[in-house]
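Visitor: structure for this input, please:
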Amino acid sequence: MGAAPAMLGVLPASKVTIDGQPAATIMDHKPMVNIKPFGVCKSPANPQVAAATAAALGVLTPMPCIPNTVAPWMPGAVKAKAGFMPALTKSCTCMCIWGGTITISNPGSTKTTIS
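Guide: Sure, this is the predicted structure:
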């Protein structure tokens, strides 16, 4: 429901890196820490959008995106782990409670060696 892409913020908590960058896990879903704003939100389920739309007499009025992700990314890698958590893959998604589905469009790495 956002209008622009955003970078996933990954803290080095797992102490695992891929191509020199911290590896992302399914637990990297914290709003504003891991999940950055996507420009403006156009979801009518978002209270800010609903209020602005009502004030505009029903004309959809996007408001600044403030991600609200409460659940981990799904499904996570079956074999690859970063620390003790499943690693993120390009097929993982994370849901915003305002109705948006967050996807990975450009993973930081496309190859992983699992030993």
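Visitor: for this structure, which element, helix or strand, carries the lowest mean pLDDT?
Guide: Lowest on mean pLDDT, DSSP states H and E among the helices and strands of the chain sits strand 17-18, with a mean of 83.
Visitor: any idea of the pLDDT on the residue lying farthest from the centre of the chain?
Guide: Among residues of the chain, the one most distant from the C-alpha centroid is Leu57; the distance is 31.4 Å, by CA atoms, centre = their mean. For Leu57, the pLDDT comes out at 97.
Visitor: confirm that it sits in a strand.
Guide: No. Looking at Leu57 with DSSP: H, G, I helix; E, B strand; the rest coil, it is coil, so not inside a strand.
Visitor: what's stretch 37-45 in contact with?
Guide: Stretch 37-45 has contacts (CB atoms under 8 Å, 6 or more residues apart in numbering) with 1-6, 48-50, 53, 60, 62-67, 96-100. Every residue, glycine included, has its C-beta placed from N, CA and C.
Visitor: kindly recompute the last result at 6 Å.
Guide: Outside stretch 37-45, the residues within contact range by CB atoms under 6 Å, 6 or more residues apart in numbering are 1-4, 6, 49-50, 62-65, 98-99.
Visitor: thinking again about what came up before, what lines up beside the least confident helix or strand of the chain in the sheet?
Guide: strand 21-22 (antiparallel) (DSSP bridges).
Visitor: what's the mean pLDDT across the strand it pairs with?
Guide: Strand 21-22 comes out at a mean pLDDT of 88.
Visitor: give me the contact list for it.
Guide: With CB under 6 Å, 6+ apart as the test, strand 21-22 has contacts from Val10, Pro12, Gly108.
Visitor: for Thr93, see how far away Val49 is.
Guide: From Val49 across to Thr93, the span is 21 Å (CB to CB, to the nearest Å).
Visitor: show me the shaky parts of this structure.
Guide: 109-115 (pLDDT under 70).
Visitor: where along it do the strands fall?
Guide: For the chain, applying DSSP state E gives strands covering 17-18, 21-22, 40-41, 63-64, 81-82, 85-86, 93-95, 101-103.
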